[in-house]
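Trainee: pasting the structure only:
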């Protein structure tokens, strides 16, 4: 388990200790306040086979090293837990489909917000019930653009990849009769998962370890895909099914907690406080600009302002990850 002293939002100790005491587990706490993003760049983990870098790569790396030193050979991991629960985003759609109008009204009344109405009630709810031909007709008049997803992407790359046309043609329902099911299926079968899994396993193997992936068990995946989205979770009840499954197995403080752990303070500590000069060095004479993947003017603009959680911030991290990969393995 990771242990944090300075970062209150990442403090897991109060949740882990009751489990340790109940099941008499021999626990090892690994200090990780100093594992901020991009610390010690020459040794920062970058996979040759997976371009998408983990901004918190120092955390599992610390666990692997500690396990290796302790003579551990098999590590039980929690990878893909969020992915399994990701179908909960379509809770409103499945309530509409199943006639759960009372539950829908209660949820909206208790957690009403603009984001709820736009993202869940319309985009992932009512909109999924519209015929594909109507959506395509709308997109022919108002096509999607790459700006909200990749705000600094180079026009040359957009043209070469025909990206905006592909975005506008995407509905996610071509193979499935049940609305929303296609999106849930695509989430679980995205190609970057298989690539990421192979790269992660290789990293564990380098430390003499084998990762166990219970959340990726085929039987569990098939079960999750068979239940309605509102069973998996809804606003105010994230990972609802997983929490209910753990009643009587985990202490109440664990399965009832509403605030989830986040490692974001480590990313901000690195990209805002500790490693701003490192980021500038990485992106100086950037290959992503030379190869016309990213607009140089956009990149320079982002380097003049502090990193923040936003579409621009997310895309900037992707730029950093790709540039690191190019410079380490492609130069």
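Mentor: Arrived safely, thanks for sending. This one's a predicted model, so the numbers in the text were calculated from it and none came from an experiment.

Trainee: Wasn't residue 75 part of a helix?
Mentor: No - according to DSSP: H, G, I helix; E, B strand; the rest coil, residue 75 belongs to no helix; its state is strand.

Trainee: Return the residues in contact with it.
Mentor: Going by Cβ atoms under 8 Å, 6 or more residues apart in numbering, residue 75 touches 63-64, 67, 204, 209-212. In this view, the C-beta of every residue, glycine as well, is placed from N, C-alpha and C.

Trainee: show me the contacts for residue 68.
Mentor: So residue 68 contacts 207-209 (Cβ under 8 Å, 6+ apart).

Trainee: Give me the buried entries from those residues.
Mentor: 207, 209 (16 or more other Cβ atoms under 10 Å).

Trainee: Just the buried residues of the contacts of residue 75.
Mentor: For the contacts of residue 75, a burial check counting by 16+ other Cβ under 10 Å picks out 63-64, 67, 204, 209, 211.

Trainee: related to what we said a few turns ago, now go through the contacts of residue 75 and say which are in strands.
Mentor: 210-212 (DSSP state E).

Trainee: Identify, from these, the entry nearest to residue 296.
Mentor: Residue 296 lies nearest to residue 211 out of the ones in strands among the contacts of residue 75, by Cβ to Cβ, at 39.5 Å.

Trainee: From residue 74, how far out is the closest one?
Mentor: 8 Å (Cβ to Cβ, to the nearest Å).

Trainee: Low-confidence stretches in the stretch 151-300 of the chain?
Mentor: 170-177, 190-192 (pLDDT under 70).

Trainee: and with 90 instead?
Mentor: By pLDDT under 90, the weakly predicted segments of the stretch 151-300 of the chain are 151, 158-159, 161-200, 216, 221, 225, 234-239, 242, 250-265.

Trainee: how about the helices in it?
Mentor: 155-161, 163-169, 181-189, 191-206, 218-226, 229-232, 240-245, 252-255, 264-268, 276-282, 287-290, 296-303 (DSSP state H, counting those that start in this stretch).

Trainee: Pull the residues that contact the last one.
Mentor: With Cβ under 8 Å, 6+ apart as the contact definition, helix 296-303 has outside contacts at 151-152, 279-280, 283, 286, 288-289, 312, 316, 319.

Trainee: of the residues you listed, buried ones?
Mentor: For the contacts of helix 296-303, buried by 16+ other Cβ under 10 Å: 151-152, 279, 283, 286, 288-289, 312, 316, 319.
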